[in-house]
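# got a sequence here, can you build the structure:
(chains A and B)
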Amino acid sequence: MDVRYQPQSVEEKWQRRWREADTFAVGEDASRPKYYVLEMFPYPSGRIHMGHVRNYTIGDVVARYKRMRGFNVLHPMGWDAFGMPAENAAIQHGVHPSKWTRENIAYMKGQLQRMGFSYDWSRELATCDPSYYRWEQWLFLKMLEQDLVYRRETAVNWCDTCQTVLANEQVEQGACWRCGDVVVEKELPGWFFRITRYADELLDWTDRLPGWPPQVLTMQRNWIGKSVGAEVAFPLDGRDGEIRVFTTRPDTLYGVTFMSLAAEHPLVPELVRGTGREAEVLAFVDRVRRQDKAERTADDYEKEGVFTGAYCVNQLTGERVPIYVANFVLMEYGTGAVMAVPAHDQRDFEFARRYDLPVTVVIEPDGGSLDPAAMTEAYVAPGRMVRSGPFDGLPNRDGIERVIAYLEERGFGKRAVHYRLRDWGISRQRYWGAPIPVIHCPACGVVPVPEADLPVVLPEDVAFPEGRVLPLAEIPEFYETSCPRCTGPARRETDTMDTFVESSWYFARYACADFQAGMLDRARTEYWMPVDQYIGGIEHAVLHLLYSRFYTKVLRDLGLVAVDEPFTNLLTQGMVCMETQRCPEHGWLLPDEVADGACTRCGAPAEAGRVEKMSKSKKNVVDPEGLVARYGADTARLFSLFAAPPEKDLEWSEEGVEGAYRFLRRVWRLVADHRDWLPGTEPFAGGAPDGPARDLRRKVHDTIRRVTADIEERFHFNTAIAAAMELLNALAGFSPADEPGRQAFREGVEALLKVLHPMVPHITEELWEILGEQTPLADTPWPGWDEAALVRDEITVVVQVNGKVRGRVQVPAGADGGAVRAVAEADPNVARHLEGKTVVKAVYVPGRLLNLVVR
RNA sequence: GCGAGAGUGGCGGAACUGGCAGACGCACUGGACUUAGGAUCCAGCGGGUGACACCGUGGGGGUUCGAGUCCCCCCUCUCGCACCA
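Numbering: from 1, shown residues only, chains lettered A, B, ... in the order given. Below you'll find the predicted structure:
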């Protein structure tokens, strides 16, 4: 063997072996328990970054560990291949999105393979392949049949110059991020998934996902935002019609003093007609509607409104209620109208004070009273109802139910539930996405594309004009078609689907990626689903994870999968961070633009900034490829795992990487230094050695126990590695003097390689082979520990006097409290602290600690 | 504002149900081997002291024989949501 550790050649050798032997290809096997571990698939942006390295290393350790534990492990990888960066590349560099994407995939696949991840590459999929999205289109048709998809007009951000819809994140201060032109709100028809039909189920199951981080579940609950209350009708005064409001506080209905409508409320133009206030109100409405979202949700957005001149009637009191238009009322939530109770709602209170509107108190604290004129804020705490007709004196909590019943009896309103969750708009006026499979016929209306005609293939053989991509709406060869129903001329839908749709079911497709006869092969998805362990970034806490849960329930209801939830356990790993460096002259600096604390270009001292998430814009990035070229994949993996537990942020450090590399070199040398006899020595197998060999064996078995617990119970690889480092230190300091010693040493080396293998698979396989083993570590069972080897004859007990450590004593392992105390009191230092005092109490924690309480 | 999480040596981080605070690594210091070393090995490394004592887990209080860990109040930071009626 080479006495020097050469990661490059070792890693290439084992990567080749795994590839040639199809080591990680799996099929269904009813005789073994399955384990499905999945990392969120990447967008093929061009190169992998450290976030990928970390995410995929964590997943790989889990996969390899479970494999050694005897599970039939599914560990697939693929590409979230549709999306805007491909179109931007086309605009900027004139490369076709398809070519750009496929080249990126090829390159990144090479990078992932170079990391030594144990993927079953035979299941690889790319969402931009028609063989993938054809099933997404098929499902769209099924959902259409179930009325889970519908089409409606919706307001979108539109850039006239670029002729496209922009996502909210692409609107910067009301202007297009690309051309800087003003973005306008535009009503456009679009397709929606009826996720709200599953709102209750999605919410209920958040209580049945114990394997998910609580904060993710909380975020999802907030996102769904269920509120229970009542819908109440307020008839218009002096004319037909009514305003319906949703309220969670029916107990405050007697305190309504005005009504607030959203600027977008359809009743507004009608209400103001002929009131003489028309011009003023419509000007206000226009002004509010023109403000962009950022402005309307800003911190300091002032509550403003205007009186319409119209009134409605509170049917509980018979009072006339003035109707206002207010800028803080949202059309998208509830009914777009809010009954205002200034005494008990802070926003209404502020509004009432500003426009000098009456405040009527209808809830008072027990034993107290409130003076509307003296109030400086709304009273929102519980209390008893007053000025509320038949409900006076009732605790307001009970009042909620009673008022609802009263409203229902009289037909004034009804119990109602509202959600913050909206239906999922999936239409994108984009080129690089999955076409929506419907046809618009002037005679028949919207006609689904017949199943037999799927997939509706995205035309890839098109030439783009300079500087922009071509939406499908500008490609006649695509959209000109005939109606499947009446055969007359018709137009294809030119919207493509949101890319979140592809990522909402890829995990199920991995179970049967080659299935041609349908979307999912029921037998195989039943074997593999659900995903036992899903791993990815916290940034997907709501959207991707909520959409995937929704889609899983749709697939279940269509009989395609048998599970209610896609991911049993979820691990959200922290970000990879690094210190930023800045030069007064040249701005942010890359790590290698700094030498000895100075900018390499001008020599000015570099200012160290805060530790932040690695990002290209701040230049605090380390390229995995350079790292692997210099240290090898095992070092990159080891450091990613060692620097922090997976759920926490990881601070990158060059010195830390050096440390990881140094450790692997020591492991290598441990075998190299003893290569003349190690291969010919059997591991220790029975009997009880004495002295150093026995101590070494105890360390070996204790390490196995600790590493197993750290991985099994909480994926704390950092402490698992620390334990392995301790074992290495013990082995390196051990001189095998006799045959039992050599056998114990060999046993220890084997254990070290086994427990490290999931984390650093290449070096451990190589050293394992050098030991003379025939079966690769990948196919070797995870080691168990021998309780007998852990047994000690003598133990150390800490002795405290009044809670302070005053000594430690050696006692026989089975010694009882009395015996320990006798030994302890004989200890000179302990005796010194007991002198002249009386022991009033002795607390003995068996095998660990004795505390003598003295006075 | 609301919700969640976190504050431990010079640094990253350990300490499972209250029981030796600082495992492991980095950095640093001293030494050995060396033509040399940024390789390797040995030793040291919270503050304090000559050595003890003593002080130390953001701050203050409490429970307990014993608190980084449990309870109350406060401070700081990070993340998420933010007019949701």
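# tell me the secondary structure at A:Tyr534.
strand (DSSP: H, G, I helix; E, B strand; the rest coil).
# list the residues that contact it.
Counting by Cβ atoms under 8 Å, 6 or more residues apart in numbering, A:Tyr534 touches A:38-40, A:507, A:566-567, A:569-571. To be clear about C-beta, it is placed using only N, CA and C from the backbone, and glycine gets the same treatment.
# rerun that using 6 Å as the cut-off
Applying Cβ atoms under 6 Å, 6 or more residues apart in numbering to A:Tyr534 gives the contacts A:38, A:567, A:570.
# and the nearest residue to it once chain neighbours are set aside, what pLDDT?
The shortest distance from A:Tyr534 to any non-neighbouring residue, by Cβ to Cβ, 6 or more residues apart in numbering, is to A:Phe567 (4.0 Å). Model confidence at A:Phe567, given as pLDDT, is 95.
# my guess is A:Phe567 contacts A:Val531, does it?
Yes: assessed by Cβ atoms under 6 Å, A:Phe567 is found in contact with A:Val531 at 4.8 Å.
# quick one: least confident helix or strand in chain A?
helix A:293-296 (a mean of 60; mean pLDDT, DSSP states H and E).
# right, and the helix or strand after that one?
Using DSSP states H and E, the next helix or strand after helix A:293-296 towards the C-terminus is strand A:305-314.
# what sits up against that following strand?
Strand A:305-314 is contacted by residues A:234-237, A:243, A:256, A:259, A:271-272, A:275, A:277, A:281, A:284, A:320-326 when judged by Cβ under 6 Å, 6+ apart.
# let me know the pLDDT of A:Val53.
95.
# since we're on it, how many residues are nearby?
24 (other Cβ atoms under 10 Å).
# any idea which element it lies in?
Secondary structure (DSSP H and E) places A:Val53 in helix A:50-68.
# same deal with A:Gly399?
helix A:396-410.
# re earlier: which ChimeraX command selects the buried ones in the contacts of strand A:305-314?
Applying 16 or more other Cβ atoms under 10 Å to these, the buried members can be selected in ChimeraX as follows:
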select /A:234,236,243,256,259,271,272,277,281,284,321,322,323,324,325,326
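# the contacts of strand A:305-314: which ones sit near RNA strand B?
Taking Cβ under 7 Å from any atom of the strand as the test, RNA strand B is in contact with none of the contacts of strand A:305-314.
# so who does A:Ala89 touch?
With Cβ under 6 Å, 6+ apart, A:Ala89 has these contacts: A:95, A:100.
# could I have the CA atoms of the helix or strand that contains it written out in PDB?
Here A:Ala89, judged by DSSP H and E, is contained in helix A:84-93. Extracted C-alpha coordinates of helix A:84-93, given in PDB (Å, rounded to 0.1, in the frame of the first residue of the first chain):
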ATOM      1  CA  MET A  84     -36.700  30.700 -15.100                       C
ATOM      2  CA  PRO A  85     -32.900  30.600 -14.800                       C
ATOM      3  CA  ALA A  86     -32.800  28.600 -18.000                       C
ATOM      4  CA  GLU A  87     -34.800  31.300 -19.800                       C
ATOM      5  CA  ASN A  88     -32.500  34.000 -18.400                       C
ATOM      6  CA  ALA A  89     -29.500  32.100 -19.700                       C
ATOM      7  CA  ALA A  90     -31.200  32.100 -23.100                       C
ATOM      8  CA  ILE A  91     -31.700  35.800 -22.900                       C
ATOM      9  CA  GLN A  92     -28.300  36.600 -21.700                       C
ATOM     10  CA  HIS A  93     -26.100  34.200 -23.600                       C
END
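# buried set for it?
For helix A:84-93, by 16+ other Cβ under 10 Å, it's A:84-87, A:89-91.
# TSV please, covering these and showing pLDDT.
TSV is the format used below for the buried residues of helix A:84-93 (pLDDT from 0 to 100):
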residue	pLDDT
A:Met84	86
A:Pro85	87
A:Ala86	91
A:Glu87	89
A:Ala89	87
A:Ala90	86
A:Ile91	85
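# sorry, back to before: what's next to the helix holding A:Gly399, contact-wise?
A:230, A:250-251, A:363, A:382-383, A:385, A:391, A:413-415.
# which two from these end up farthest apart in space?
A:Gly383 and A:Lys414 (25.6 Å; Cβ to Cβ).
# more neighbours: which of the two?
A:Gly383 (22 against 12).
# what about the nearest residue to A:Arg524 once chain neighbours are set aside, how many residues nearby?
Residue nearest to A:Arg524 in three dimensions, not counting chain neighbours: A:Cys512, with 4.2 Å by Cβ to Cβ, 6+ apart. If you count neighbours by other Cβ under 10 Å, A:Cys512 ends up with 21.
# can you tell me how far A:Cys512 is from A:Ala523?
To A:Ala523, A:Cys512 is 8 Å away according to Cβ to Cβ, to the nearest Å.
# A:Asp200 too?
Taking Cβ to Cβ, one finds A:Asp200 at 31 Å from A:Ala523.
# check A:Leu470 too.
From A:Leu470 to A:Ala523 the distance is 42 Å (Cβ to Cβ).
# so the two - more neighbours on which side?
The residue with more neighbours, out of A:Leu470 and A:Ala523 and counting by other Cβ under 10 Å, is A:Leu470; that gives 16 against 10.
# what about the more buried one, which SS state?
coil.
# in contact with it, which residues?
Counting by Cβ under 6 Å, 6+ apart, A:Leu470 has contacts A:Phe464.
# let's see that with 7 Å instead.
A:431, A:462, A:464 (Cβ atoms under 7 Å, 6 or more residues apart in numbering).
# in which helix or strand does A:Gly190 reside?
Assigned by DSSP H and E, A:Gly190 falls in strand A:183-193.
# just checking, what packs against that strand?
The elements that strand A:183-193 packs onto, with contact taken as 3 or more Cβ pairs under 7 Å, 6 or more residues apart in numbering; DSSP states H and E, are strand A:149-159, strand A:424-425.
# quick check: angle from it to strand A:149-159?
Angle, strand A:183-193 to strand A:149-159, by axes from the mean of the first three to the mean of the last three Cα atoms, to 10 degrees: 160 degrees.
# export strand A:183-193 as CSV, just CAs?
Written as CSV, here are the backbone C-alpha positions of strand A:183-193 (Å, rounded to 0.1, in the frame of the first residue of the first chain):
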residue,chain,number,x,y,z
VAL,A,183,-45.1,47.0,-13.4
VAL,A,184,-48.9,47.1,-13.7
GLU,A,185,-51.6,45.0,-12.2
LYS,A,186,-53.4,43.1,-15.0
GLU,A,187,-56.4,40.9,-14.9
LEU,A,188,-55.5,37.6,-16.7
PRO,A,189,-57.3,34.3,-16.8
GLY,A,190,-55.3,31.6,-15.1
TRP,A,191,-55.5,28.0,-13.9
PHE,A,192,-56.0,27.2,-10.2
PHE,A,193,-55.6,24.0,-8.2
